[in-house]
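J.: Provided below are the primary sequence and the corresponding predicted coordinates.
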Amino acid sequence: MNLVPSQPGATPSYWCTWSMQSYSSTRVLDSSGGDSQLNNLSQKLVFEDPGWIKNLLAPVRSDLFVLFDHGWDVPPDVNGNTERWRLGSMEVASQKFPACTGSPAEGQYQLNQLVKATGWRGAGLWTVAQMVGDGRSGNTATPAGPVSEAYWRTRAQWAQTAGIEYWKIDFGYFCESEEYRRMMTRVAREEAPGLILEHAPMAGPFNDIGVPWENRSTLGHGRFRSPDGVCARAEAFIAFSDVLRIYDVIPHLSIASSLDRVAQILAVGRTEPGARGLINCEDEPYLGAALGCALGILRHPLWAPRAGEDYNPTQLDRRLDEVVRAVRWHRLAPAYGVGETSITLDENILADSWLFKPGETWADWVIGHEILQRAPARVARGMPLPEVHIDGQAPYVVAGRHPNGATSVATLPRTHAGLGIRTPLADVTIEIGHGPVGVFGRYRSLTLILADDLGARQIWAQDVAGDQATDITALVARDGQKLTLPGSLIESVGLSAATPGDLSEPGMILTLM
């Protein structure tokens, strides 16, 4: 018996090329001898030699888009920082993708077909909130209006013709403009009804830490919350968005930074008619599984750090099973929008920290500083907060009751300067509904409070990455409507289908039959 459906899920998640472009053994050099992330994206690299997507995430490819990030629509040797006017054409660069020729719509169609031929859901495309040519030689960029609307209407028509279903709208001259992003969204819905648009609040990589390109003070609370300007922008954008991405974070503090962003957006976010209001929590699979968020996966197995760098503290290149488990859970409990269920945030706020040494981050303005990021100790959607008992440091614990009745829970690691990144083992108790239960992370024990007595029903469980369920009834302690699973059982079942050498945390599905 397999508790996970074989059909792909509907959640608009993707694997993104950006980390592969930036940190992989397949990096190429530009003509000046320096690294060029924009050049590290081509037909050869993606499909042929080594073929990034040919052997990646095979169990869940059909659920995921391949998101072609910055560089797919500009010629070789373009500098994306000094030549921003070149961005936004949305015409496949034929020098990089020689199989994608013809009209712009034909080029996108061919790219989409190449992706689908390898078993993935389709191609997603990175773009910017501007027209190509905006700002060239000092020219004024064209704001939202008839000219820019016609420009994006044409590109939405290309997407409709090519079968492109996802746009990731990143920076650009109008990246912080609600008016411009609303215009792009409206035009896309009119011309390409199946096209999903992802927006982002354009934040720095830390919550409440100023960045060189922003004129924003640092308050010192390490939080992502209103009336902070970035959180307020996220609140405004999600109202009309299909998907809102929480934006880039630094791996060493990713859990706290990402969790607080998700929590605060859930707390304040509301949607208008026609908006799905999904949150994309980027590359935090178990956070997304437990709280009903879409995923923007960046990790890959070809990680190759530069000399003197340590950008990968948790060895994400060896944690791909977590992605498989989260995506397969979404087949049972797809991501759902803000406002679809209640949201409860713990008043207890935990603090994580990291003392950044040279070579540990591209965010060089924090080198030599201990950075704090804070987030609620517990977050719950559509259900009461989990009960957590532990002597000493607690993990983050998040849980959600899906509108379809499925329940999910995850323990998430803590980060402390000098102590590293680890998940403290706690006794956790949650109330569950009548659907399946997804359990992610590590526990000392997990107690499930049932809606009614177990009776003669059996308890079946399996690794979410696997295809074979096991009867665990005799291994679970029963007390009326309470079922208690020891942490060792969760680990045993939740890693039973693990890939050899993979370091992922456990992830299991449980159901009563």
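T.: Structure received. Numbering: from 1, shown residues only.
J.: these two touch, right, T26 and T17?
T.: No - at 10.9 Å, T26 does not count as touching T17 under the criterion of Cβ atoms under 8 Å. Backbone N, C-alpha and C define where each C-beta goes, glycine included.
J.: hey, what's in contact with both of the two?
T.: Here T26 and T17 have W52 as joint contacts, going by Cβ atoms under 8 Å, 6 or more residues apart in numbering.
J.: Would you map the strands across the stretch 151-300 of the chain?
T.: Here the stretch 151-300 of the chain has its strands, by DSSP state E, counting those that start in this stretch, at 166-169, 196-199, 243-245, 278-280, 296-297.
J.: Which residues does stretch 491-500 contact?
T.: Outside stretch 491-500, the residues that touch it by Cβ under 8 Å, 6+ apart are 320-321, 439-440, 442, 461-468, 470, 472, 504-508.
J.: That one: how far from the chain's middle?
T.: The chain centroid and the centroid of stretch 491-500 are separated by 23 Å, computed with Cα atoms, centre = their mean, to the nearest Å.
J.: for that stretch, which positions count as buried?
T.: Applying a neighbour-count criterion of 16 or more other Cβ atoms under 10 Å, one finds E491, S492, V493, G494, L495, S496, A497, A498 buried in stretch 491-500.
J.: could you dump these to CSV with secondary structure and pLDDT?
T.: Shown next, in CSV, are the buried residues of stretch 491-500 (DSSP: H, G, I helix; E, B strand; the rest coil; pLDDT from 0 to 100):
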residue, secondary structure, pLDDT
E491, helix, 98
S492, helix, 98
V493, helix, 98
G494, helix, 98
L495, coil, 98
S496, coil, 98
A497, coil, 98
A498, coil, 98
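J.: follow-up on the earlier one: in TSV, list the strands of the stretch 151-300 of the chain along with mean neighbour count, mean pLDDT and distance to A456.
T.: Compiled in TSV, these are given as follows (neighbours: other Cβ atoms under 10 Å; pLDDT from 0 to 100; distance: least, Cβ to Cβ, whole Å):
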stretch	mean neighbour count	mean pLDDT	distance to A456
strand 166-169	26	98	46
strand 196-199	24	98	45
strand 243-245	28	98	43
strand 278-280	27	98	39
strand 296-297	27	98	41
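J.: just checking, S408 touches A326?
T.: No - look at S408 against A326 with Cβ under 8 Å: they stay out of range, at 9.8 Å.
J.: so what sits against both of the two?
T.: Common neighbours of S408 and A326, counting by Cβ under 8 Å, 6+ apart, are A289, F440.
J.: leaving aside the residues next to it on the chain, what's closest to L448?
T.: Nearest residue to L448 in three dimensions, chain neighbours excluded: L483, at 4.6 Å (Cβ to Cβ, 6 or more residues apart in numbering).
J.: ok, now G418?
T.: Excluding its sequence neighbours, the residue lying closest to G418 (Cβ to Cβ, 6+ apart) is L355, at 7.3 Å.
J.: what bridges to that neighbour?
T.: Note on L355: beta-bridge partners by DSSP bridges are E370.
J.: any residues touching the longest helix along the chain, and which ones?
T.: Ranked by residue count and defined by DSSP state H, the top helix of the chain is helix 146-162. Outside of helix 146-162, the residues within contact range by Cβ under 8 Å, 6+ apart are 90, 104-109, 111-112, 125, 127, 131, 142, 164-165, 167, 180, 183-184, 187-188, 190-192, 194-195.
J.: Restricted to buried residues, select the residues you listed in ChimeraX.
T.: Of the contacts of helix 146-162, the buried ones can be selected in ChimeraX as follows, counting by 16+ other Cβ under 10 Å:
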select :90,104,105,107,108,109,111,112,125,127,131,142,164,165,167,180,183,184,187,188,191,192,195
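J.: Okay, helices next: where are they in the stretch 401-513 of the chain?
T.: For the stretch 401-513 of the chain, applying DSSP state H, counting those that start in this stretch gives helices covering 487-494.
J.: now the strands: where do they sit in it?
T.: Secondary structure of the stretch 401-513 of the chain (DSSP E, counting those that start in this stretch): strands at 407-412, 414-416, 420-422, 427-431, 437-440, 445-449, 459-463, 470-471, 477-479, 482-486, 507-512.
J.: Mind putting these into JSON lines with distance to Q95, mean pLDDT and mean neighbour count?
T.: Formatted as JSON lines, the strands of the stretch 401-513 of the chain follow (distance: least, Cβ to Cβ, whole Å; pLDDT from 0 to 100; neighbours: other Cβ atoms under 10 Å):
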{"stretch": "strand 407-412", "distance to Q95": "43", "mean pLDDT": "98", "mean neighbour count": "28"}
{"stretch": "strand 414-416", "distance to Q95": "42", "mean pLDDT": "96", "mean neighbour count": "19"}
{"stretch": "strand 420-422", "distance to Q95": "41", "mean pLDDT": "94", "mean neighbour count": "14"}
{"stretch": "strand 427-431", "distance to Q95": "54", "mean pLDDT": "98", "mean neighbour count": "21"}
{"stretch": "strand 437-440", "distance to Q95": "43", "mean pLDDT": "98", "mean neighbour count": "28"}
{"stretch": "strand 445-449", "distance to Q95": "54", "mean pLDDT": "98", "mean neighbour count": "20"}
{"stretch": "strand 459-463", "distance to Q95": "44", "mean pLDDT": "98", "mean neighbour count": "23"}
{"stretch": "strand 470-471", "distance to Q95": "53", "mean pLDDT": "98", "mean neighbour count": "14"}
{"stretch": "strand 477-479", "distance to Q95": "64", "mean pLDDT": "94", "mean neighbour count": "11"}
{"stretch": "strand 482-486", "distance to Q95": "56", "mean pLDDT": "97", "mean neighbour count": "18"}
{"stretch": "strand 507-512", "distance to Q95": "42", "mean pLDDT": "97", "mean neighbour count": "26"}
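J.: I'd like to know which of these is closest to N348.
T.: strand 414-416 (13.4 Å; Cβ to Cβ).
J.: Please name the strands paired to that closest one in the sheet, noting orientation.
T.: Using DSSP bridges, strand 414-416 pairs in its sheet with strand 420-422 (antiparallel).
J.: what's the closest non-adjacent residue to G466?
T.: A497 (3.0 Å).
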